[in-house]
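Student: Predicted model follows, preceded by the sequence.
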Amino acid sequence: MEGPDSSYSCLDIHICWKVDREARIEPTIQRTSVIIIITRSTPSSVYPPHGSSHPSASPHVEGGRGKTGVTAESAKMARERDGLQPNDQPGDIQAKVDAAFKVNGGSTDPPENGQFSDQRFAFLFKPGEYSVDVPVGYYTQVLGLGQSPDDVVFTGDKGPHCEEANYFPGVGALDTFWRSAENFKTTSSHTWWNGATGMLWAVSQASPLRRIHVTNNLLLFQYIPGWDYAGFSSGGFAADIQVDGATQSGSQQQWFTRNSRLGGPWTDANWNMVFVGVEGAPATHCGRDVNAKIATEVAKQAVTAVQGGPITTVDTTPLVAEKPFISVDNNGLFTLNIPGLRANTTGTSWGSGEYFAAIDDKVVDFSMVYVTQPSDTAAVINKHLDMGLHVVLSPAIYNLSEPLRLNHEGQVLLGLGIATLVASKGNPCVLVGDVDGIRVAGILLQAGPEPTPTLLQWGVSGNYPGDEGNPGFMHDVFARVGGPDYQDVQTELMVDVRSGNVIGDNLWLWRADHSVRGKVYNMTNPCSTGLNVTGNDVTFYGLAVEHTLKDLVVWSGERGRCFFYQSEFPYDVDASYGEKYVSYRVSDSVEDHDAWGVGAYHYFRDHAVTVKSGFSVPESLVPRFRAPMTVFLSGQGTVSHIINENGDSTFSTTNQLAYFCPSIDGRNFA
């Protein structure tokens, strides 16, 4: 293969042709639809040189390693070497996706099956129509390979969908994490309950929707089969999507939507719904009126737009670039698409079946892309990064003894199948140098057992200003401290942003409250702070941080902006915590900072804790926090104020919600 190293661009793939009924010749990749399934496996094949018609690969589907508790039959189906064949029918594809779901999905027997699995799946569909249903479980990604979402169309009754991972009403989708669906169109018309039809995506954090076209309704929660009310849900993130029908968020506590097009009404709003650059978004309303319609009422009535609920709407997105994605052309050539910057935008980056290119969009053929083998070490991956190649991480868990280093301008690190990077030797998982235009996307960062400064470090010197015209991006970057580990793990920070002009686009930073060992007590698996920002001109679209043991967010850089923030204080701290820490702290020296739709939730389970305020900011910046709020979830604790000494306290189910809305007659709404 052409390039500096014949071992690069390795990927074990699996191909099946979908035959056109009217085809008069044997199907070829150039003329027919293809599904590519990429799973955790040991690759034995390489992408072709640029100019080849299709990849050469031994058919192979593998679910991963380790014990899963699933049947031997389902594990075999997900791994067998002679799985899909060139004449595959929809039933054969369905069997494969169902087998993966049986390994990493399901809501009963047991509930939340696969939550801490060590298996990873990515299903990549070539342009065409697919009359299949694709249940999306843990660590599973469904991707279309078109230039536009309309290039890959799912016509199945359910299509790609996600049910809540636990049918117990008190849980529902609260633990439905770590999955994604991107770059396709679905015509799903399935009736899920009481006439609710369309695409179901009942999830919580780290489960984004991107570049999706939903021709019917989009349902972001689920009525539990056999019960008369909805399961809980705590999402969520959607960007660059179009929904032709209504969007029903139902029991969702909060949700963030960016650069999308809503053809029908958004029907619900519980605690905090934020829209940035969204056509058809509901109007801003700080707080929740007493007569606001609630989720359970709306779900059983005619679909109408939400009224009187907590909505924060920003008309245009100041500056953003969409997440990099992979596509394939009519000649079977794969490309890595790196969308360019777009300023002051509303609506999707695509429309009418075409991709609307920004001025500086980049299309990179795979001669400049290294696709990892799941057995790759950090040294192997860094060798290719050092050569200036972009890197696509195959679905796998990578135990890293040194950070992955990105030091070339415009370099992309893109994970598939919730690729997981573990800091195994006290090192960051990812280290971005003092360079511009880096894109890090689609990865799960995981703490290891040794003391670690941070899981992701952006910037080395600490004074690199970055470039407003070529900022760095984090898309769908998730981190966790604890969860799948039978040993204690730790890190001081999860994400440390030291450079300027960096944009975050959907981050969930989670110190685990539960794990394979059960509930977490006594400040086990310590992490002080989820996000630390010292760089200037840093923006976050969709930020969630939970359960760290000091301030959850510390922001010291100037001109920071945060559009949507969801947080939970730690459950397992004692009373002394409340004397020192807040959810979101802007340093006293900062003069310029803005935030929209930000919330701090509390469940002090083990001790009576009183926190003085959810947000601590210089007094001059209080008016620049739009619709800050606090929520009492349960437990023994109190948050006395929302921001500094402003806002009411939350401490019981009768004083559960508080909003600070000084722009509305100086009143607080709850």
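Tutor: Done, it's in.
Student: can you give me how far stretch 385-401 is from the chain middle?
Tutor: Centre-to-centre, stretch 385-401 and its host chain are 19 Å apart (C-alpha atoms, centre = their mean, to the nearest Å).
Student: in the chain, which spans are helices?
Tutor: 72-79, 90-104, 295-299, 378-386 (DSSP state H).
Student: Quickly, which of the ones you listed bottoms out on average pLDDT?
Tutor: Lowest mean pLDDT within the helices of the chain: helix 72-79, at a mean of 34.
Student: Flag the shaky bits of the stretch 201-350 of the chain, pLDDT-wise.
Tutor: 290-305 (pLDDT under 70).
Student: can you tell me which residues contact Val582?
Tutor: Contact analysis of Val582 by C-beta atoms under 8 Å, 6 or more residues apart in numbering lists Asp551, Leu552, Ala600, Val611, Lys612, Ser613, Gly614, Phe615, Ser616. C-beta here means a position set from N, CA and C on the backbone, and glycine is covered the same way.
Student: Ok, Ile438 next?
Tutor: With C-beta under 8 Å, 6+ apart, Ile438 has these contacts: Leu406, Glu409, Gly410, Gln411, Val412, Leu413, Val432, Trp458, Gly472, Phe473.
Student: Now it. Nearest residue, chain neighbours left out?
Tutor: Spatial nearest neighbour of Ile438, chain neighbours left out: Gly472 (4.4 Å); criterion: C-beta to C-beta, 6 or more residues apart in numbering.
Student: how many neighbours does the one you found have?
Tutor: 28 (other C-beta atoms under 10 Å).
Student: rewinding a little: quick one: which two of the contacts of Val582 are the most distant?
Tutor: Across the contacts of Val582, no pair lies farther apart than Leu552 and Lys612, at 14.7 Å, counting by C-beta to C-beta.
Student: least trustworthy helix or strand in the protein by mean pLDDT?
Tutor: strand 15-18 (a mean of 28; mean pLDDT, DSSP states H and E).
Student: and Phe256, bridged to which residues?
Tutor: Judged by DSSP bridges, the bridge partners of Phe256 are Phe237, Val274.
Student: what's around it, how many residues?
Tutor: Neighbours of Phe256 (other C-beta under 10 Å): 26.
Student: shaky segments in this protein?
Tutor: Using pLDDT under 70, the chain drops low at 1-88, 290-305, 352-359, 663-670.
Student: Tell me which residues touch Leu455, please.
Tutor: Leu455 touches 421, 423, 428-430, 445-447, 479, 491, 493-495, counting by C-beta under 8 Å, 6+ apart.
Student: Which one of the residues you listed is nearest to Gly231?
Tutor: Ala479 (25.7 Å).
Student: wait, that closest one sits on Val440?
Tutor: No. Here Ala479 does not reach Val440: they are 11.8 Å apart, not a contact under C-beta atoms under 8 Å.
Student: Among those two, which residue is more densely surrounded?
Tutor: Ala479 (29 against 26).
Student: ok now do that one, which residues does it touch?
Tutor: 444-447, 455-456, 494-495, 507-510, 530.
Student: And Val153, by the same measure?
Tutor: Here Val153 is in contact with Gly128, Glu129, Tyr130, Phe184, Lys185, Thr186, Thr187 (criterion: C-beta under 8 Å, 6+ apart).
Student: Going by distance to Val639, which of those residues wins?
Tutor: Nearest to Val639 among those, with distances taken as C-beta to C-beta, is Thr186, at 40.5 Å.
Student: Skipping adjacent residues, who's closest to that closest one in space?
Tutor: Closest to Thr186 by C-beta to C-beta, 6+ apart is Gly159, at 3.9 Å.
Student: Thought Asp133 was touching the one you found, still the case?
Tutor: Yes. With contacts counted by C-beta under 8 Å, Gly159 reaches Asp133, the gap being 6.2 Å.
Student: which of these two has more neighbours?
Tutor: Of the pair Gly159 and Asp133, Gly159 is the one with more neighbours under other C-beta under 10 Å, namely 28 against 18.
Student: how close does that one get to Asn463?
Tutor: 49 Å (C-beta to C-beta, to the nearest Å).
Student: same thing with Ser375?
Tutor: 38 Å.
Student: From the structure, what's the count of residues near the closest residue to Gln248 other than its chain neighbours?
Tutor: The shortest distance from Gln248 to any non-neighbouring residue, by C-beta to C-beta, 6+ apart, is to Thr267 (4.8 Å). If you count neighbours by other C-beta under 10 Å, Thr267 ends up with 24.
Student: for the one 3 residues further on, same thing?
Tutor: For Asn270, the count of nearby residues is 23 (other C-beta under 10 Å).
Student: And it, its phi and psi?
Tutor: phi -90, psi -70 (degrees, to the nearest 10).
Student: which ones are touching it?
Tutor: So Asn270 contacts Ser249, Ser251, Gln252, Gln253, Gln254, Arg288, Ile294, Ala295, Gly309, Pro310 (C-beta under 8 Å, 6+ apart).
Student: Quick check: end-to-end length of stretch 525-534?
Tutor: 25 Å (C-alpha to C-alpha, to the nearest Å).
Student: do the same with stretch 495-506
Tutor: 13 Å.
Student: Now do that stretch: distance to the chain's middle.
Tutor: 16 Å.
Student: So that it lines up with my notes, have the first residue be 74 from now on.
Tutor: Taking 74 as the first residue, the last one we looked at is stretch 568-579.
Student: Return the set of buried residues in it.
Tutor: Val568, Asp569, Val570, Arg571, Ser572, Gly573, Asn574, Val575, Ile576, Gly577, Asp578, Asn579 (16 or more other C-beta atoms under 10 Å).
Student: State the distance from Lys592 to Val704.
Tutor: 21 Å.
Student: For those two, indicate the residue with more neighbours.
Tutor: The residue with more neighbours, out of Lys592 and Val704, is Val704; 24 against 13, by other C-beta under 10 Å.
Student: Find the residue closest to that one in space, skipping its chain neighbours.
Tutor: Tyr674 (4.3 Å).
Student: surely Thr408 meets Lys435?
Tutor: No. Using C-beta under 8 Å as the test, Thr408 is too far from Lys435 to be in contact (9.6 Å).
Student: out of the two, which sits in the more crowded spot?
Tutor: Per other C-beta under 10 Å, whichever of Thr408 and Lys435 has more neighbours is Thr408, with 20 against 16.
Student: ok now do the more buried one, which residues does it touch?
Tutor: Ile399, Ser400, Val401, Asp402, Val436, Val437, Asp438, Phe439.
Student: Pairing partners for the residue nearest to the fourth one when sequence neighbours are not counted in the sheet, please.
Tutor: Same thing as Asp402. Taking C-beta to C-beta, 6+ apart, and ignoring the residues beside it in sequence, Asp402 has Thr408 as its nearest neighbour in space, at 7.1 Å. Counting by DSSP bridges, Thr408 is bridged to Ser400, Asp438.
Student: now do the one 10 residues further on
Tutor: For Thr418, the residues forming beta bridges with it (DSSP bridges) are Thr390.
Student: Look up how far Leu622 lies from it.
Tutor: 38 Å.
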